[in-house]
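Student: generate coordinates for the sequence data below:
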Amino acid sequence: MIPLTAIFTTHHYHLMTMSHHLTDDYWESLGPNSPLLGKIFHNQAQQLIQLQMANNALEDCALEAQSDAMDAASKAVSSVVQVILTNMQLGPLFEECQSCLAREFQQE
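Tutor: I've put the predicted structure just below:
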C-alpha cells in the first residue's frame with residue numbers, strides 16, 4: 001500500500017509543475033486574458049492542494065476514530081464476558097453463602 005504522504009507529495013509536485021509544462025504558445029493563444037487565466041489556474045491548483053491536505057487530515061482522523069471505537073467495543077465485550085464467567089464460577093458459592101446467611105438469621 002502506498003502511503004498517503006507519498007501520493008500527496010507526488011500529486012503536489014505534479015500540480016506545481018503542471019503550469020510550467022504549458023508552452024508559451026499555449027498561454028499566448030489565450031490572448032490578452034492569458035495572465036489572468038494563468039493566475040486563476042495557479043490559484044485553483046493551490047486551493048486543490050489545500051483541499052487535498054484537509055481531506056487527508058480528515059481521513060486520518062476518521063481512521064483513528066474508527067480504530068478507537070473498535071478498541072472500545074472490544075474492551076466492552078471482554079468486560080461483559082469476564083463478568084459472565086465470574087458469575088458462572090461464583091454462582092454456586094454465592095448460593096451457598098446465601099443459604100448460610102439464611103440459616104444464621106433463622107437461628108437468631
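
Student: sketch out the low-pLDDT regions of the protein for me.
Tutor: 1-21, 88-102, 104-108 (pLDDT under 70).

Student: which helix runs longest in it?
Tutor: The single longest helix within the chain, with elements called by DSSP state H, is helix 34-107.

Student: helices or strands up against that helix?
Tutor: Under the contact criterion of 3 or more C-beta pairs under 8 Å, 6 or more residues apart in numbering; DSSP states H and E, helix 34-107 touches helix 4-21, helix 24-29. All C-beta atoms are positioned from the backbone trio N, CA, C, and that covers glycine.

Student: what's the burial count for residue 44?
Tutor: 11 (other C-beta atoms under 10 Å).

Student: dump the residue contacts of it.
Tutor: Residues in contact with residue 44 (C-beta atoms under 8 Å, 6 or more residues apart in numbering): none are found.

Student: let me see the contact set for residue 73.
Tutor: With C-beta under 8 Å, 6+ apart, residue 73 has no contacts at all.

Student: and it, how close does it get to residue 79?
Tutor: 11 Å (C-beta to C-beta, to the nearest Å).

Student: what do you get for residue 48?
Tutor: For residue 48, the distance to residue 79 - C-beta to C-beta - is 46 Å.

Student: pick out whichever of the two has more residues nearby.
Tutor: residue 48 (13 against 10).

Student: quick one: that one and residue 54, what's the gap?
Tutor: Taken as C-beta to C-beta, the span from residue 48 to residue 54 is 11 Å.

Student: can you check residue 30 too?
Tutor: 30 Å.

Student: out of those two, which sits in the more crowded spot?
Tutor: residue 30 (13 against 10).

Student: just give the nearest non-adjacent residue to that one, would you?
Tutor: If the residues on either side of it in the chain are set aside, residue 30 comes closest to residue 37, at 5.3 Å by C-beta to C-beta, 6 or more residues apart in numbering.

Student: that neighbour against residue 28, yeah?
Tutor: No - with contact defined as C-beta atoms under 8 Å, residue 37 does not reach residue 28; the gap is 11.4 Å.

Student: the more surrounded of the two?
Tutor: Each of residue 37 and residue 28 has its neighbours counted (other C-beta under 10 Å); residue 37 has more, 12 against 9.

Student: nice, that's everything, thank you.
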